[in-house]
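# Show me how the following folds:
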Amino acid sequence: MTGPSSTQIVSVSLALAGEQTGRIDTNHAGTPQARLHILWGALMLTLTSPTQTGYLLDVWQRAALAARALPMTLRDLRPLSGMDPRLNTPGVVTTMYGLPVWTVDTVAARITPNRHHVPQHVTVRIGGLTWQCFDQTATRSACGIFARAHRIAPALFGA
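You can find the predicted model right below:
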């Protein structure tokens, strides 16, 4: 079949509070097909180059600095969406190519039109992925996930 290729644009928002844990898997080490997979809650993020790991670590380090104004740990965070926070299989699978545009912003506390209180948080946007970080523990531990990925990258990608 011929014709134009299809493109799927995905935008995902993930809320983080408390200690974050992620698993890192790799495959095809030392080859052009090398991949680093970060499995983190409902997200599986695949990285395709060693440059990406340093890039993402830098973004999350900036987020950790911005999060210093947040509480150390936020204990009562209501789910902001219909997604069950106990899910342990990826609900979002994405592969990163290149270095997507990123932003780190501090968002003031607010009341939604449905009268839900949304606490102050730091928003990290990387391409179509958005994380809402509600405490320092979440950003610090998320930074740790990307630091581990960055340490593994040279052996995996041969950089």
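
# Could you use CA atoms for every contact and neighbour count after this?
Fine.

# quick one, phi/psi of Gln52?
phi -60, psi -40 (degrees, to the nearest 10).

# Checking the residue lying closest to it once chain neighbours are set aside next. Helix, strand or coil?
Spatial nearest neighbour of Gln52, chain neighbours left out: Leu99 (6.4 Å); criterion: C-alpha to C-alpha, 6 or more residues apart in numbering. Taken by DSSP: H, G, I helix; E, B strand; the rest coil, the conformation at Leu99 corresponds to coil.

# any idea how far Asp135 is from Leu99?
Computed as C-alpha to C-alpha, to the nearest Å, the Leu99 to Asp135 distance reads 26 Å.

# where does the protein dip in pLDDT?
Filtered on pLDDT under 70, the chain yields the residue ranges 1-10, 75-90, 159.

# For it, which residue occupies the most central location?
In the chain, the centroid-proximal residue (C-alpha atoms, centre = their mean) is Trp131; its distance is 6.0 Å.

# In which helix or strand does that residue reside?
Trp131 is part of strand 129-133, with elements assigned from DSSP states H and E.

# Following element in sequence after that strand, please.
Downstream of strand 129-133, the next assigned helix or strand under DSSP H and E is helix 136-157.

# Which residues does that next one contact?
16-22, 24, 26, 28-32, 34-36, 38, 49-50, 53-54, 56-57, 60-61, 63-64, 67-68, 70-73, 133, 159 (C-alpha atoms under 8 Å, 6 or more residues apart in numbering).

# Recalculate using a threshold of 7 Å.
If you take C-alpha atoms under 7 Å, 6 or more residues apart in numbering as the criterion, helix 136-157 is touched by 16-20, 22, 24, 29-30, 34, 49-50, 53-54, 56-57, 60-61, 63-64, 67-68, 70-73, 133.

# and if you look at stretch 41-61?
For stretch 41-61, the surrounding residues in contact (C-alpha under 7 Å, 6+ apart) are 34-39, 87-97, 99, 143, 146-147, 149-150, 153-154, 157, 159.

# Buried residues, that stretch. List them.
Under the neighbour-count criterion of 16 or more other C-alpha atoms under 10 Å, stretch 41-61 has 41-54, 56-57, 59-61 buried.
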